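Trainee: give me the fold of what follows.
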Amino acid sequence: QVQLVESGGGSVQAGGSLRLSCAASGYTYSSYCMGWFRQAPGKEREGVAAIYTGGGSTYYADSVKGRFTISQGNAKNTLYLQMNSLKPEDTAMYYCAADLTGEGDWSYWGQGTQVTVSS
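Mentor: All right, here's what the predicted structure looks like:
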(Lines give C-alpha, C1' and ligand atoms only; values in the text may rest on other atoms or scores of the structure.)
Protein backbone atom coordinates (compact mmCIF):
# COMPACT_ATOMS: atom_id res chain seq x y z
CA GLN A 1 0.00 0.00 0.00
CA VAL A 2 1.59 3.24 -1.17
CA GLN A 3 1.43 5.96 1.46
CA LEU A 4 2.44 9.59 1.24
CA VAL A 5 2.47 11.76 4.34
CA GLU A 6 3.13 15.49 4.14
CA SER A 7 4.36 17.77 6.88
CA GLY A 8 5.85 21.21 7.31
CA GLY A 9 2.99 23.50 6.42
CA GLY A 10 2.09 26.50 8.50
CA SER A 11 1.55 30.23 8.56
CA VAL A 12 4.21 32.70 7.51
CA GLN A 13 4.43 36.32 6.51
CA ALA A 14 5.10 37.35 2.94
CA GLY A 15 8.78 37.02 2.12
CA GLY A 16 9.23 34.17 4.54
CA SER A 17 10.18 30.54 3.93
CA LEU A 18 8.79 27.09 4.65
CA ARG A 19 9.99 23.59 3.84
CA LEU A 20 7.46 20.89 3.13
CA SER A 21 8.33 17.21 3.52
CA CYS A 22 6.66 14.11 2.13
CA ALA A 23 7.46 10.69 3.53
CA ALA A 24 6.75 7.92 1.02
CA SER A 25 6.41 4.21 1.67
CA GLY A 26 4.92 1.03 0.27
CA TYR A 27 6.63 0.72 -3.11
CA THR A 28 9.93 -0.50 -4.51
CA TYR A 29 10.20 1.28 -7.86
CA SER A 30 13.60 2.78 -8.44
CA SER A 31 12.60 5.37 -11.00
CA TYR A 32 9.39 7.35 -10.86
CA CYS A 33 8.03 10.84 -10.61
CA MET A 34 7.07 12.66 -7.48
CA GLY A 35 5.57 16.07 -7.27
CA TRP A 36 3.90 18.81 -5.32
CA PHE A 37 0.49 20.18 -6.20
CA ARG A 38 -1.58 22.88 -4.55
CA GLN A 39 -5.18 23.94 -4.42
CA ALA A 40 -6.46 27.24 -3.15
CA PRO A 41 -10.11 27.75 -2.16
CA GLY A 42 -12.26 28.19 -5.23
CA LYS A 43 -9.42 27.36 -7.61
CA GLU A 44 -8.39 24.29 -9.54
CA ARG A 45 -5.54 22.14 -8.37
CA GLU A 46 -2.27 23.06 -10.05
CA GLY A 47 1.09 21.40 -10.36
CA VAL A 48 3.83 23.25 -8.52
CA ALA A 49 6.96 21.15 -8.98
CA ALA A 50 7.97 17.62 -9.91
CA ILE A 51 11.09 15.51 -9.99
CA TYR A 52 12.03 12.34 -11.87
CA THR A 53 13.92 10.16 -9.46
CA GLY A 54 15.69 8.24 -12.21
CA GLY A 55 17.75 11.18 -13.41
CA GLY A 56 16.86 14.06 -11.14
CA SER A 57 15.24 16.21 -13.79
CA THR A 58 12.80 18.74 -12.38
CA TYR A 59 9.78 20.77 -13.43
CA TYR A 60 8.49 24.00 -11.93
CA ALA A 61 5.39 26.02 -12.57
CA ASP A 62 6.24 29.49 -13.87
CA SER A 63 4.67 31.04 -10.78
CA VAL A 64 7.23 29.44 -8.46
CA LYS A 65 10.39 29.31 -10.57
CA GLY A 66 13.34 30.82 -8.75
CA ARG A 67 11.53 30.68 -5.39
CA PHE A 68 10.74 26.99 -4.82
CA THR A 69 13.10 24.03 -4.97
CA ILE A 70 12.05 20.39 -5.12
CA SER A 71 14.47 17.73 -3.91
CA GLN A 72 14.73 14.21 -2.58
CA GLY A 73 16.28 12.83 0.53
CA ASN A 74 19.29 10.53 0.26
CA ALA A 75 17.11 7.45 0.61
CA LYS A 76 14.81 8.77 -2.13
CA ASN A 77 11.76 7.99 -0.02
CA THR A 78 11.42 11.57 1.20
CA LEU A 79 10.44 14.49 -0.97
CA TYR A 80 10.99 18.12 -0.05
CA LEU A 81 9.75 21.45 -1.28
CA GLN A 82 11.77 24.43 -0.12
CA MET A 83 9.65 27.53 -0.51
CA ASN A 84 11.34 30.94 -0.29
CA SER A 85 10.10 34.47 -0.87
CA LEU A 86 6.56 33.32 -0.20
CA LYS A 87 3.69 35.43 -1.46
CA PRO A 88 0.07 35.62 -0.30
CA GLU A 89 -0.93 33.98 -3.59
CA ASP A 90 1.03 30.88 -2.53
CA THR A 91 -1.61 30.25 0.13
CA ALA A 92 -3.13 26.83 -0.54
CA MET A 93 -3.36 23.24 0.54
CA TYR A 94 -0.23 21.52 -0.72
CA TYR A 95 -0.28 17.86 -1.72
CA CYS A 96 2.48 15.38 -2.39
CA ALA A 97 1.81 12.93 -5.22
CA ALA A 98 3.52 9.99 -6.91
CA ASP A 99 3.43 8.81 -10.51
CA LEU A 100 4.93 5.33 -10.40
CA THR A 101 4.51 4.76 -14.14
CA GLY A 102 6.30 7.93 -15.25
CA GLU A 103 3.44 8.53 -17.70
CA GLY A 104 1.56 11.30 -15.96
CA ASP A 105 -0.58 8.93 -13.92
CA TRP A 106 -0.58 10.65 -10.53
CA SER A 107 -2.35 7.83 -8.74
CA TYR A 108 -1.09 8.33 -5.22
CA TRP A 109 -1.73 11.36 -3.03
CA GLY A 110 -1.03 12.51 0.48
CA GLN A 111 -3.59 14.12 2.73
CA GLY A 112 -2.24 17.62 2.23
CA THR A 113 -0.64 20.29 4.39
CA GLN A 114 -1.88 23.87 4.63
CA VAL A 115 0.35 26.80 3.76
CA THR A 116 -0.91 30.27 4.63
CA VAL A 117 1.03 33.40 3.67
CA SER A 118 -0.11 36.71 5.12
CA SER A 119 0.71 40.11 3.68
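Trainee: any idea what the residue minimising distance to the centre of the chain is bridged to?
Mentor: To find the centre residue of the chain, average its C-alpha atoms and take the closest one (Cα atoms, centre = their mean): that gives residue 36, at 2.4 Å. Residue 36 forms beta bridges with residue 49, residue 96, as assigned by DSSP bridges.
Trainee: what does the model give it for pLDDT?
Mentor: Looking at residue 36, its pLDDT reads 98.
Trainee: let me see the contact set for it.
Mentor: Residues near residue 36 by Cβ atoms under 8 Å, 6 or more residues apart in numbering: 20, 22, 47-50, 70, 79, 81, 94-97. Where you see a C-beta, it was placed from the backbone N, CA and C, and this is true even at glycine.
Trainee: now, of those residues, which are buried?
Mentor: Listed as buried from the contacts of residue 36 are 20, 22, 48-50, 70, 79, 81, 94-97; burial here means 16 or more other Cβ atoms under 10 Å.
Trainee: quick one: the residues you listed as TSV, columns for pLDDT and distance to residue 104 too.
Mentor: Below are the buried ones among the contacts of residue 36 laid out as TSV (pLDDT from 0 to 100; distance: Cβ to Cβ, whole Å):
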residue	pLDDT	distance to residue 104
20	98	22
22	95	19
48	98	16
49	98	15
50	96	10
70	97	17
79	93	17
81	98	20
94	98	20
95	98	16
96	97	16
97	96	11
